[in-house]
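> curious how this folds, go ahead:
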Amino acid sequence: MCGICGELSFDGRPPVFEPALASMLATLIHRGPDHGATYRSDDGRAGLGFRRLSIIDLRAAANQPIPNEDGTVQVVFNGEIYNFRELRKGLVDRGHQFRSNADSEVIVHLYEELGDRAIDELDGMFALAIWDARQKRLTVARDRAGKKPLFLYQNAERVAFASEIKALLARRDFSIEVDAGAVPSYFLYGYVPHPATIYRNVRQVEPGTVESFDLSGRSVARRYWQLTFPQRGAEMAHDYNVATARVRQLVTAAVERRLMSDVPLGAFLSGGLDSTIIVGLMSRLLDEPVRTFSIGFEGDEAFDETAVARDTARHFGTRHTEFRVKPSAIDLIDTLVYHHDGPFADSSAIPTYLVSKLTREHVTVALTGDGGDEVFAGYLRFGAALAAERLPAWAGRGAAALLAGLPASRNERHLLARARRFARFMGLPLTDRLTAWTAVFY
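Coordinates of the predicted model:
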C-alpha cells in the first residue's frame, strides 16, 4: 500500500503551493513509511505527491514521482501491475530506457506510446495519476474492480486527488462538509455507495475509469472496462467438470500473479473457504512454508474461527501465528473512523484492522480471501433469496409467528436470528428483500 495525492491549478488561478501539497502528503505517511517526495511542474500548474511502501525494486531508483527519459511525463501510482514484466519487455524492444525494475515505470513509458489508452493494457490493482507537461493534462485512473481508492475534489480554481479523503481535508482552502443527503445511504447500507462519499464536493473516481483534466478545468471521463452479464436465456452451458477445472486454473493464476514481492509475504487465514483456498495454492506455489495469520476474540465464540484456521495451517504446513485479543469496539471507533475517512458500519472492520496491525509486525504484504463471497455467491443471503422465491408467502408468515415464541438468540449470527430475519422479509420483492436482510436500519 502506498499513498498518492496532487492537484492541477486551472488557468488564471493561483499556482500549486508547495506547503499545501506537503500538508496533503503528510496525512498519508501511514500508507508509505519508506519514502516520500513531491513534484511541481515548471509552470506551477501541477503538483504530485507520493508516499512509498517498498514492495518491488527496493532501490531509490524506483521512488516516485517517477518520470520518463526527459521528465515530460510524471507518474504517481499506488498498487501493483501483474503483467509489468511482459509490458516492460515490449517497451525495451521498442527502444525505451528504464532506470528501475519497478512496475510504476512501465506506466510512464506505456503512456508515452498510447496516451491514456495505456491504462487499458494494465492488469493489476491500482490508483494512479499522470501529469503530461506537453499536453498540460492531468490524468487519473482506477483499476477495474476499484480495489485501490482514489478521491477527487474540484472547485473553480483547481482539482485535487488523494488516496484518502483525509489528505483533502488537510487543505484549509477547500470547502468540505458532511453531506446530509448521503447519511440515509449510510444507515441503509453501512457505507455510502460510489461515486458519492459522506462529504459534499468529494467523489470517488469510478472503478474501471480514466479521467483527464486540462488547464481550463474541463474534464473527460472514459470507462475502459465494464462487467457484463449474459442476457437471460443466453447463458453458456458448461460441463461441471470443465467449469471446475477452469475456475481452478483461473484462481491459481490469480494467486501466482500476486506472489511477486521483494519483501516478506504472508496470508490472512480465517476458518472460511476462500482464505483456505488461497493458502493452499500459496503452499504449492512457494518453495518455503507460507506465513499465515489468524485472529481470535476471547469470550465471543461466534466470531472466533481460530480452531479451524489452526487445523488448516497444520494441514498445509504453514508457519502459523495466532493472535488472541479482547476487543473493545468503543476503544477502536475513533481509529476506525479516521482510517475509513468516515463512518463504516461493517463489523469486519474491527478484526481486519487488528489482524492487519499485528501481521505488519511480521510481513509487509498479506493475501486475503476478500471478494470470494461476491464472485462465487458465497453469502447466505444469496441462497436465502433463491429459497424465498420458491416458498409461498403464507409460509413466511407462519414461520415468523412460530419463531417469535422461541427464546432470544445469543447473537446475530445464530441460526435462530437468521431464521427470524429470513421469515420476516421473505415476502418482499427480491431487491427489497436483500436490502432488508443486510441493512443496518431498514
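> any regions of the stretch 251-400 of the chain where pLDDT drops low?
Under the criterion pLDDT under 70, the flagged ranges of the stretch 251-400 of the chain are 299-303, 327, 329.
> that one: helices as residue ranges?
Along the stretch 251-400 of the chain, counting by DSSP state H, counting those that start in this stretch, helices occupy 273-285, 306-316, 329-340, 349-359, 372-375, 380-390, 393-404.
> same check, this time on the stretch 1-150 of the chain
Using DSSP H, counting those that start in this stretch, helices in the stretch 1-150 of the chain cover 18-26, 84-93, 103-114.
> for residue 362, which of those helices is the nearest?
Nearest of these to residue 362, taken as Cβ to Cβ: helix 103-114 at 24.3 Å. For glycine as for every other residue, the C-beta is placed from the backbone atoms N, C-alpha and C.
> distance between that closest one and the chain's centre?
On the basis of Cα atoms, centre = their mean, to the nearest Å, helix 103-114 sits 23 Å off its chain's mean C-alpha point.
> also stretch 368-386?
That offset, for stretch 368-386, works out to 18 Å (Cα atoms, centre = their mean).
> how far away is residue 3 from residue 167?
Between residue 3 and residue 167 the computed distance is 8 Å (Cβ to Cβ, to the nearest Å).
> shared neighbours, the two?
Common neighbours of residue 3 and residue 167 (criterion: Cβ atoms under 8 Å, 6 or more residues apart in numbering): 25, 28.
> follow-up on the earlier one: what's the closest of the helices of the stretch 1-150 of the chain to residue 217?
Nearest of these to residue 217, taken as Cβ to Cβ: helix 18-26 at 18.3 Å.
> which residues does stretch 315-330 contact?
So stretch 315-330 is contacted by 269, 279-280, 283, 289-300, 306, 309-310, 313-314, 350-351, 354-355, 358-359, 362 (Cβ under 8 Å, 6+ apart).
> over to stretch 40-50?
Under Cβ under 8 Å, 6+ apart, the answer for stretch 40-50 is 2-9, 15-16, 18, 21-22, 24-25, 28, 32, 35-39, 63-65, 74, 76, 129, 131, 133, 136, 138, 215.
> whichever of the residues you listed end up buried, select them in ChimeraX.
To isolate the buried ones among those in ChimeraX, judged by 16 or more other Cβ atoms under 10 Å, type:
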select :2,3,4,5,6,7,8,9,16,21,24,25,28,32,36,38,39,63,64,65,74,76,129,131,133,136,138,215
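> so which of the contacts of stretch 40-50 are in strands?
3-9, 35-39, 74, 76, 129, 131, 138 (DSSP state E).
> quick one: the strands in the stretch 51-200 of the chain?
Ranges of strands in the stretch 51-200 of the chain, per DSSP state E, counting those that start in this stretch, are 66-67, 73-81, 124-132, 137-142, 151-154, 158-162, 177-178, 199-200.
> mean pLDDT and distance to residue 49 added to those, as TSV?
TSV is the format used below for these (pLDDT from 0 to 100; distance: least, Cβ to Cβ, whole Å):
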stretch	mean pLDDT	distance to residue 49
strand 66-67	96	13
strand 73-81	97	7
strand 124-132	98	10
strand 137-142	98	13
strand 151-154	98	14
strand 158-162	97	8
strand 177-178	95	24
strand 199-200	95	20
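> could the ones you listed go into TSV alongside distance to residue 328?
TSV is the format used below for those (distance: least, Cβ to Cβ, whole Å):
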stretch	distance to residue 328
strand 66-67	43
strand 73-81	31
strand 124-132	32
strand 137-142	35
strand 151-154	30
strand 158-162	30
strand 177-178	26
strand 199-200	28
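> figure out which of the ones you listed is closest to residue 406.
strand 177-178 (41.3 Å).
> so what does that closest one touch, helix or strand wise?
Strand 177-178 sits against strand 199-200, with contacts defined as 3 or more Cβ pairs under 8 Å, 6 or more residues apart in numbering; DSSP states H and E.
> residue 214 touches residue 136, doesn't it?
Yes. Look at residue 214 against residue 136 with Cβ atoms under 8 Å: they come within range, at 6.4 Å.
> which pLDDT value goes with the spatially most central residue of the chain?
Nearest residue to the geometric centre of the chain (Cα atoms, centre = their mean): residue 147, 2.8 Å. At residue 147 the predicted local confidence, pLDDT, stands at 94.
> mind listing what it touches?
79, 125.
> next up, phi/psi of it, please.
Main-chain torsions, residue 147, degrees, to the nearest 10: phi -70, psi -40.
> distance check, it against residue 189.
Taking Cβ to Cβ, one finds residue 147 at 19 Å from residue 189.
> for residue 306, same thing?
For residue 306 relative to residue 189 (Cβ to Cβ), the value is 30 Å.
> same question for residue 286.
Distance of residue 286 to residue 189, given as Cβ to Cβ: 38 Å.
> how long is stretch 222-237 end to end?
Counting by Cα to Cα, to the nearest Å, you get 33 Å between the two ends of stretch 222-237.
> what lies in contact with that stretch?
Residues from elsewhere that reach stretch 222-237 (Cβ under 8 Å, 6+ apart): 116, 119-120, 141, 144, 206, 208-211.
> and the pLDDT at residue 63?
So residue 63 comes in at 93 (pLDDT).
> is it in contact with residue 57, as I believe?
No. Residue 63 is beyond contact range of residue 57, at 9.7 Å (criterion: Cβ under 8 Å).
> joint contacts of those two?
Taking Cβ under 8 Å, 6+ apart as the contact definition, residue 63 and residue 57 share no neighbouring residue.
> residue contacts, the residue lying closest to residue 296 once chain neighbours are set aside?
Among residues not flanking residue 296 along the chain, residue 306 sits closest, at 3.7 Å (Cβ to Cβ, 6 or more residues apart in numbering). Residues counted as contacts of residue 306 (Cβ under 8 Å, 6+ apart) are 271, 294-296, 322, 324.
> 6 Å - rerun?
If you count contacts by Cβ atoms under 6 Å, 6 or more residues apart in numbering, residue 306 has them with 294, 296, 322.
> pull up the pairing partners for the strand or helix carrying residue 220, direction included.
Using DSSP states H and E, residue 220 maps to strand 219-223. Each strand paired with strand 219-223, and its direction, by DSSP bridges: strand 209-214 (antiparallel).
> sort out which residues of the strand it pairs with are buried, please.
209-213.
> output it as PDB - backbone C-alpha positions only.
Output of strand 209-214 as PDB, limited to C-alpha atoms (Å, rounded to 0.1, in the frame of the first residue of the first chain):
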ATOM      1  CA  THR A 209     -12.500   4.600 -15.300                       C
ATOM      2  CA  VAL A 210      -9.800   7.000 -16.600                       C
ATOM      3  CA  GLU A 211     -10.500  10.800 -16.300                       C
ATOM      4  CA  SER A 212      -8.400  13.700 -17.700                       C
ATOM      5  CA  PHE A 213      -8.400  17.400 -16.800                       C
ATOM      6  CA  ASP A 214      -6.900  20.300 -18.800                       C
END
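> so how do I select the buried members of the contacts of stretch 315-330 in PyMOL?
Of the contacts of stretch 315-330, the buried ones can be selected in PyMOL as follows, counting by 16+ other Cβ under 10 Å:
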select buried, resi 269+279+280+283+290+291+292+293+294+295+296+297+306+309+310+313+350+351+354+355+359
